[in-house]
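Enquirer: Predicted coordinates and the sequence they were generated for:
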Amino acid sequence: LAAGEFAFYCKFHPGMRGVLTVTGAGGGVEPERPTFDQPLVVPPTERGADIRLVMKRARVRTLPEGRRTSMWTFDGTYPGPTIRRRGGQGTRVTVVNHLPKGAGSTSTHLHGDHHAAKDDGQPTTQLVRRGDSRTYDYPLTVDGRATPGSFFWYHDHRMDRTARNNWRGLQGMFIVTDPPMPGVRLPSGSRDVPLMISERSFTSGNQLTDPFADGPEMVHGAGHDEMSWSGDLAPPNDATVGDTVLVNGRAAPYLDVSATRYRLRLLNSSPFSSYNLTLSDGRPILQIGTGSGLLPRAVVRSSILLGPAQRADVIVDFSGATGKRIVLESVPAAIGSTGDDARQTAVMELRVGARASDPSRLPSRLPSPGLVSPVPTEVAKTWTFGLDDGGDHGSAWTINGDPFDPTRVDHRARLGAVERWRFRNTSDVTHYVHIHAEQWRTLLRDGKAPPPWERGLEDTWRLEPGEVVEVAARFTDYTGPFMIHCHMLDHEDHGMMSRFDVVP
Ligand code: C2O
Ligand code: CU
C-alpha cells in the first residue's frame, strides 16, 4: 500500500464502512508482479455479413500452467471471435444456445450499437432457450449514415444471470472499422490490438470458482420468453470480483511490440471491478476515442479509469523503448474516498523490440462523429440510482426507487426528439450507468463541462456517490423498449435497471 486514506465498506451494505489510514513508513513494499509467461492471444476475427456463433462449453487456456479451464464460450474461444465490419455494412449474427444443462436461456446484447429493439438482446423478453437460436440484425447505421468507427462488444444479458453468464465467458468484441479519414492514418494490422480485460478467480485445478452457487432464482412464466424477477433479494453475492486479471482470456500475458506506435483498444469486461490503467514507465497514453467513435481531439493521459463495459481507444508510442519491458497495470484511482476505486494489479507486459517503419499519421484534431445540437435546456428525465434498504421485499438496487420490472415503462421518448437526461447517484457507492439504443453526448458533470476525454460519444458513465451527470441524444430509427442500467453486473442483476420506450 502507498501512504494515504482508503475507504473500506461492505459491497452489500454500503453504509457499513470505515477509513483505513496508511501513514508514510518509507521504503514502501512494491506489489509483487507476475512473471508474464504466456503470450497474448488475439481472438479469431470474423469479417462476414452472416456470422454464426455457437454458445457452448469449451476448455480454454487461461492460466499458463496446468489444466485448461472449462468456460461457456461463443464458438469455442474466450473471448469469442472479434467481429470486424465497416460502418453501413449490415451484419447478421445468429447465436445458437448449445450450453450445458443448467445454463438455461440466454440473451446476447451488442453493447454500444444502435439497432432495433427486437435485435437488442433484451434481458427478459428475448431469451434463447437451450437448443434454440436467434438472429440479430445490425445495420451499422445511425439515422441513415454509417456507424462511425467504434469498439463495441457483445455479451450475455439475461436478467438475474448476467453476472454469472459473463463470468463463465459469454463475451466477445465487435469493431466497426474506421471510415476513410483524410489526413489521419491510425496504426493498423498487427499494430491495432483489441484488449479485453476481465478478472476471474480459479480453483487449484484451474477451474472458475462459482460465486453464484446460492443466487436468487428466476421465476419462469408460461412462455419461455416470459420471465420475471423473483424479487427474492438479499443475494449472497453482490460483487462478482476475481483475483486474477485476464487479457483476451489469458492471465498476465506479454506482447512483443516494435518500437513504434500501436493502437490499443482497451475494454473492461469485468463484471464488477474498475481498473485505472497506466504504463509502468510513465509513458503517456494518447486517448483518441471512447469506444463509440473518436474524440474531437486526442488527449494525453497518464492513466485511464475504466469501469465495467467502458472502453478507451488509445495510441501508445513505444519508440525509444527498445529492450524495455513495460507493464500495463492498474493503480488505485485518486478519486474521492468512495470505496470503489480501482484495484492495484498488473495487467500485461509489453516487450519492446527493434524500431520499425511507421506510416501512421495523427493530427491533434480528429474527425469525430457529429454530436447532437442544439441541445434542449430542459431535462426530460432524471434517473436516480439508489439502494432500497429493507422494506417487505428486502433490499435492492433501484432506479428512481424501484427495482427492475420489465412490464413497467419508466419513461417514453418520442422518435426524432433530442432529449436531455440527468443521472443522480443517491447511494453510497459508485455506479456505471449504461443506456441502450443511442450514443450520447455528455453535457455536464457536476455542473461543469466534462473532462476532455468525455467530449465524444458515450454509452457508459461513471457516477460517483452524490454525482450528477447530464447527457443528450437524439432518438432515431427505432421505436420500442430499451434499457438503462448499472453495468456493475451484480447491481443490474439485483434490480438496478429500468425500461424506457421510444414511441412514434
Ligand atoms: Cu453492456 Cu445492457 O449492456
Ligand atoms: Cu451499480
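Expert: Great, that's in hand. Numbers count the residues shown, from 1 in each chain. Ligands and ions are numbered 1, 2, ... in the order given.
Enquirer: how does the chain divide up, domain by domain?
Expert: Each domain of the chain is listed here as a residue range: 33-212+237-366, 381-503, per automatic domain parsing.
Enquirer: a markdown table please, covering these and showing mean neighbour count.
Expert: C-beta coordinates here come from the backbone N, C-alpha and C atoms, glycine included. What follows is the domains of the chain, written out as a markdown table (neighbours: other C-beta atoms under 10 Å):
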| stretch | mean neighbour count |
| --- | --- |
| domain 33-212+237-366 | 19 |
| domain 381-503 | 20 |
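Enquirer: Ok, which of the ones you listed comes nearest ligand 1?
Expert: Each of the domains of the chain was scored for nearness to ligand 1 using C-beta to the nearest ligand atom, and the closest is domain 33-212+237-366 (3.4 Å).
Enquirer: Is that closest one positioned near ligand 1?
Expert: Yes. Residues of domain 33-212+237-366 contacting ligand 1 under C-beta under 6 Å from any ligand atom: 109, 111, 155, 157, 309.
Enquirer: Output the domains of the chain as CSV; include the columns mean pLDDT and distance to residue 375.
Expert: Below are those laid out as CSV (pLDDT from 0 to 100; distance: least, C-beta to C-beta, whole Å):
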stretch, mean pLDDT, distance to residue 375
domain 33-212+237-366, 95, 16
domain 381-503, 94, 5
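Enquirer: Would you mind giving the ones you listed as JSON lines with distance to residue 374 added?
Expert: Output for those, formatted as JSON lines (distance: least, C-beta to C-beta, whole Å):
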{"stretch": "domain 33-212+237-366", "distance to residue 374": "16"}
{"stretch": "domain 381-503", "distance to residue 374": "8"}
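Enquirer: Residue nearest the middle of this protein, spatially speaking?
Expert: By C-alpha atoms, centre = their mean, the mean C-alpha position of the chain lies nearest to residue 309, the distance being 0.9 Å.
Enquirer: how close does it get to ligand 2?
Expert: In this structure, residue 309 and ligand 2 are 11 Å apart, going by C-beta to the ion, to the nearest Å.
Enquirer: quick one, what contacts that residue?
Expert: 111, 153, 267-269, 432, 434, 460, 487 (C-beta atoms under 8 Å, 6 or more residues apart in numbering).
Enquirer: got it, and residue 64?
Expert: Residues in contact with residue 64 (C-beta under 8 Å, 6+ apart) are 37-38, 250-252.
Enquirer: Which ones among those map onto strands?
Expert: Among these, the members found in strands (DSSP state E) are 38, 250-251.
Enquirer: Run through the residues of this protein sitting next to ligand 2.
Expert: Proximity of the chain to ligand 2 is assessed by C-beta under 5 Å from the ion, with 431, 486, 488, 491 identified as the residues in range.
Enquirer: Does the third one touch residue 271 like I think?
Expert: To tie it back to what came earlier, the one meant is residue 488. Yes. With contact defined as C-beta atoms under 8 Å, residue 488 counts as touching residue 271 (7.3 Å).
Enquirer: Just name whatever secondary elements the helix or strand hosting residue 53 is in contact with.
Expert: Taking DSSP states H and E as the criterion, residue 53 maps to strand 50-60. Judged by 3 or more C-beta pairs under 8 Å, 6 or more residues apart in numbering; DSSP states H and E, the packing partners of strand 50-60 are strand 69-74, strand 80-86, strand 91-98.
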